[in-house]
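[1] return atomic coordinates for the entry below.
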Amino acid sequence: MEALGSAAQAPHAVVAMGKAAGAMAEGAVAVFGALPGLVVTKDGHHPGPPGFEVRYAAHPIPDARGAVAAARLREVLAQGTAPRRILALLSGGASALLADPRPGLTLGDLRVATRALLASGLPIDAVNAVRRRLSASAGGRLATLADGAIEVLVMSDVLSDDLAAIASGPFFPDPTSADDVRALVAAVPGLPPAVRAVIAASDEVEPRARVEHRILARHADLLAAAEREATAVGWTVQRGEVARGSVEAAAARLVALAAQLASGTVLVAGGEPTVELPAEPGLGGRNQHLALLVARGLAGGPPRSFVALGSDGSDGPTDAAGAWVDEQSWARFGARGPVALARADAHPLLAAQGQLIESGPTGTNLLDLHLLAAP
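    As a prediction, the model looks like this:
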């Protein structure tokens, strides 16, 4: 919350949304003292400081509680007739937590569309470009509700640090056109007709408030912190490539590097690879799926250990942050390994082997961390 240190006056209200909302709200109170505020976050995550109103909602598939939370957020932003100073604290996950379908859509449409988009293998920037067209709380629309000034402090969970993509840009104008988004969803099956109709409609968003965005932390900060910790306990650190694109390609790069690591070296990497889900997927997340792929590639090779985890403490729709594997894991998985990969069902297998990492919510959200170590 260092960015707040130069602020001349406390804000009239704080609104915090996303998986790190509670921790960010605590930072605001540490700077300004007691404040009126609202936290919208995922089930089980930090509720924020005493005195804040907290609304929990589902992630990654939105639910009715998210619709109630979005309505309450809009009320808070629109309160009063005089211009106000609003501090907005934004972190990843808010796209799903603010279940606020545009006119012409139902919550059911939003749920179906979210499932289809997340299963499509599209990168998160593209997914959120679509969600900006579907939500009344995205694409700068929240900035239309308040007079005065809104300072938005952001914890970035997208590799591009694109303010329009982070949490679908609730206070940032949508830079995409209807044609752009139609092209993105052309090959996405299962979208309801109402969703395609809303995407095709053009609209203009005119903010009433003066809005300033500042990014407090990003993925590079996560990797730098991991490097410092690894160095402090005696590892030689090598920086790896940031994972974009398919999870299969990310696994192949990691396995190729594994053979080249010198003893005593840890490769620090991360990113946000995408998983294209089968028609009836099992239970898991991209880090657990990546761990299985890397385990298969390490099998029979020299001693190596690999960790993949989500920095927020949750991987996909599971309570695990991720998983660890080594060169012996694939043999231990036996015939269940290929089946789990084919079904995107890594979680039960990794749980049975005691190879899940379960940290609980961390209070941050800066994408994924991958560690590959040669003892």
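
[2] when you work out contacts or count neighbours from here on, use the C-alpha atoms and nothing else.
    Noted.

[3] so what touches stretch 337-349?
    Applying CA atoms under 8 Å, 6 or more residues apart in numbering, the contact partners of stretch 337-349 are 277-278, 280-285, 288-289, 292-293, 318, 330, 333, 336, 356.

[4] which of these count as buried?
    Neighbour counting with 16 or more other CA atoms under 10 Å marks L277, G282, L283, G284, G285, Q288, H289, L292, L293, W330, F333, L356 as buried within the contacts of stretch 337-349.

[5] which non-adjacent residue is nearest the last one?
    Spatially, and ignoring its direct neighbours in sequence, L356 is nearest to A323 (4.3 Å; CA to CA, 6 or more residues apart in numbering).

[6] repeat for the fourth one
    Closest residue in space to G284, ignoring its immediate chain neighbours: H347 at 4.7 Å, by CA to CA, 6+ apart.

[7] the third one too?
    Setting aside the residues directly before and after it, L283 is nearest to D345 in space (CA to CA, 6+ apart), at 4.7 Å.

[8] look at that neighbour and report its pLDDT.
    For D345, the model assigns a pLDDT of 98.

[9] please enumerate the strands of the chain.
    Here the chain has its strands, by DSSP state E, at 13-17, 37-42, 53-57, 84-91, 148-155, 210-217, 236-243, 265-271, 305-310, 322-326, 356-357, 368-374.

[10] what about G264, neighbour count?
    For G264, the neighbour count with other CA atoms under 10 Å is 12.

[11] enumerate every residue touching it.
    W235, T236, A373, A374, P375.

[12] scan those and report the most crowded one.
    A373 (23 neighbours).

[13] buried sites along stretch 64-78?
    Under 16+ other CA under 10 Å, the buried positions of stretch 64-78 are 64-71, 73-74, 76-78.

[14] before we move on, back to that, which single one of the buried ones among the contacts of stretch 337-349 is nearest to S160?
    G285 (21.4 Å; CA to CA).

[15] quick check: closest non-adjacent residue to the closest one.
    G285 sits nearest to G316 (CA to CA, 6+ apart), 4.1 Å away.

[16] same question for S137.
    Per CA to CA, 6+ apart, closest to S137 is P170, 5.5 Å.

[17] burial check on the one you found, number of neighbours?
    27.

[18] the one 4 residues further on now?
    Here the neighbour count serves as a burial measure; for D174 (other CA under 10 Å) it reads 21.

[19] got the phi and psi for it?
    phi -70, psi 120 (degrees, to the nearest 10).

[20] please name the bridge partners of F306.
    V325, L372 (DSSP bridges).

[21] picking that back up, and the residue nearest to S137, how far from L290?
    P170 sits 31 Å away from L290, going by CA to CA, to the nearest Å.

[22] next: L298.
    Taking CA to CA, one finds L298 at 12 Å from L290.

[23] these two - which one has more neighbours?
    Remark: of L298 and L290, L290 carries more neighbours, 32 against 25, as counted by other CA under 10 Å.

[24] and that one, what's its pLDDT?
    98.

[25] for V294, same thing?
    Per the predicted model, pLDDT is 98 at V294.

[26] can you count the residues close to it?
    The burial count for V294: 32, using other CA under 10 Å.

[27] how far away is the closest residue to it other than its chain neighbours from Q288?
    Of all residues not flanking V294 in the chain, A251 sits nearest, at 5.4 Å (CA to CA, 6+ apart). In this view, A251 and Q288 are 12 Å apart by CA to CA.

[28] and what of R332?
    16 Å.

[29] and for R115?
    Distance from R115 to Q288, by CA to CA: 19 Å.

[30] likewise E206?
    From E206 to Q288 the distance is 42 Å (CA to CA).

[31] so R102 sits right up against G139, yeah?
    No - counting by CA atoms under 8 Å, G139 is not a contact partner of R102; they are 11.5 Å apart.

[32] and Q328, what does it touch?
    Q328 neighbours (CA under 8 Å, 6+ apart): A295, L298, A299, G300.

[33] the same query, at a cut-off of 7 Å, please.
    Applying CA atoms under 7 Å, 6 or more residues apart in numbering, we find Q328 in contact with A299.

[34] got the buried residues of stretch 64-78 as CSV, with pLDDT and distance to Q260 columns?
    Putting those into CSV (pLDDT from 0 to 100; distance: CA to CA, whole Å) gives the following:
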residue, pLDDT, distance to Q260
A64, 98, 50
R65, 98, 49
G66, 98, 47
A67, 97, 50
V68, 97, 52
A69, 98, 50
A70, 97, 50
A71, 97, 53
L73, 97, 51
R74, 96, 53
V76, 95, 55
L77, 96, 54
A78, 94, 57
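
[35] sitting in helices, which of these do you find?
    64-71, 73-74, 76-78 (DSSP state H).

[36] let me see the contact set for the residue nearest to L356.
    N287, Q288, A291, V307, A308, L309, Q355, L356, I357.

[37] OK, contacts around L122?
    T274 are the contacts of L122 under CA under 7 Å, 6+ apart.

[38] phi and psi next, for it.
    phi -70, psi 140.

[39] now render the strands of the chain as JSON lines, adding distance to G121.
    Below are the strands of the chain laid out as JSON lines (distance: least, CA to CA, whole Å):
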{"stretch": "strand 13-17", "distance to G121": "25"}
{"stretch": "strand 37-42", "distance to G121": "23"}
{"stretch": "strand 53-57", "distance to G121": "24"}
{"stretch": "strand 84-91", "distance to G121": "22"}
{"stretch": "strand 148-155", "distance to G121": "24"}
{"stretch": "strand 210-217", "distance to G121": "26"}
{"stretch": "strand 236-243", "distance to G121": "14"}
{"stretch": "strand 265-271", "distance to G121": "15"}
{"stretch": "strand 305-310", "distance to G121": "18"}
{"stretch": "strand 322-326", "distance to G121": "19"}
{"stretch": "strand 356-357", "distance to G121": "24"}
{"stretch": "strand 368-374", "distance to G121": "17"}
